[in-house]
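Student: quick check, what structure comes out for this input:
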Amino acid sequence: GDVLLRGRSRARLSVAVGRSFACLAIWAIVELRPDYAPRFVLRVVEPNRDPTTLPRARRQLAEYVREGVLTTETLLGVMQRHDINPALRRQNPPAAVESFREDIDVEVYQNYFLEERTAAEAPRSARLVLSYHAKHPELALAVTRELGQLVVEREQRARKLQAERALVDAETTLER
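Tutor: Sure, this is the predicted structure:
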């Protein structure tokens, strides 16, 4: 009873304290909500051919994806399509891309490309995992899917180019 009477006599102070706690609670809910990071898992397999005729498999698969597939230009396109960090993207694109890269994880596990293989053995493989961290689950999922699709498309183009080169080499050999 006594606390209630003191609260009524200091109404402004009580309202100010109440508002402060409400603002603190809202800030905590917004800032401390969890990050979402869905995982896009790819199994990378080398072609089933004689390993002595293949170019050396990329031993540093994660670096290849980070530097060769997820280029600055590619990442700027992803950021634009998903409206990620528009203000920084307009003011300082390299800083925006670097900030975006910090939210992307590229992991490789079960990497059998590190082992040598003979022509009689099965093709080597590795697991590649991509994920994008975001506060909004829909954004995290959409960006993660797009990053995974970029890797798939890049590898499909590389394999097609490799097959076309092999065909040209075979036709040249046949003509000789």
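
Student: give me the helices and strands touching the one helix or strand Leu130 maps to, please.
Tutor: Using DSSP states H and E, Leu130 maps to strand 125-132. On a contact count with 3 or more CB pairs under 8 Å, 6 or more residues apart in numbering; DSSP states H and E, strand 125-132 meets strand 39-45, helix 61-64, strand 104-109, helix 137-175. Glycine gets a C-beta too; all of them are placed from N, C-alpha and C.

Student: so what touches it?
Tutor: 37-46, 61-62, 65, 103-113, 140, 143-144, 147-148, 151 (CB atoms under 8 Å, 6 or more residues apart in numbering).

Student: buried among those? Make that a ChimeraX selection.
Tutor: A single ChimeraX command selects the buried members of the contacts of strand 125-132 (16 or more other CB atoms under 10 Å):
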select :37,38,40,42,44,46,61,62,65,103,104,106,108,111,112,113,140,143,144,147,148,151
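
Student: how far away is Gln162 from Glu155?
Tutor: Gln162 sits at a distance of 10 Å from Glu155 (criterion: CB to CB, to the nearest Å).

Student: any idea how far Ala134 is from Ala22?
Tutor: For Ala134, the distance to Ala22 - CB to CB - is 27 Å.

Student: those two - which one has more neighbours?
Tutor: Taking other CB atoms under 10 Å, Ala134 and Ala22 do not tie; Ala134 has more neighbours (20 against 10).

Student: can you redo the helices and strands packed on strand 125-132 as TSV with mean pLDDT and distance to Leu130?
Tutor: Shown next, in TSV, are the helices and strands packed on strand 125-132 (pLDDT from 0 to 100; distance: least, CB to CB, whole Å):
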stretch	mean pLDDT	distance to Leu130
strand 39-45	84	5
helix 61-64	82	10
strand 104-109	88	6
helix 137-175	87	5
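
Student: between the ones you listed, which gets nearest to Val17?
Tutor: helix 137-175 (34.7 Å; CB to CB).

Student: what is that closest one packed up against?
Tutor: Looks like helix 137-175 contacts strand 39-45, helix 72-81, strand 125-132 (3+ CB pairs under 8 Å, 6+ apart).

Student: and the shortest one, which strands flank it?
Tutor: Partners of strand 39-45 in the sheet, by DSSP bridges, are strand 125-132 (antiparallel).
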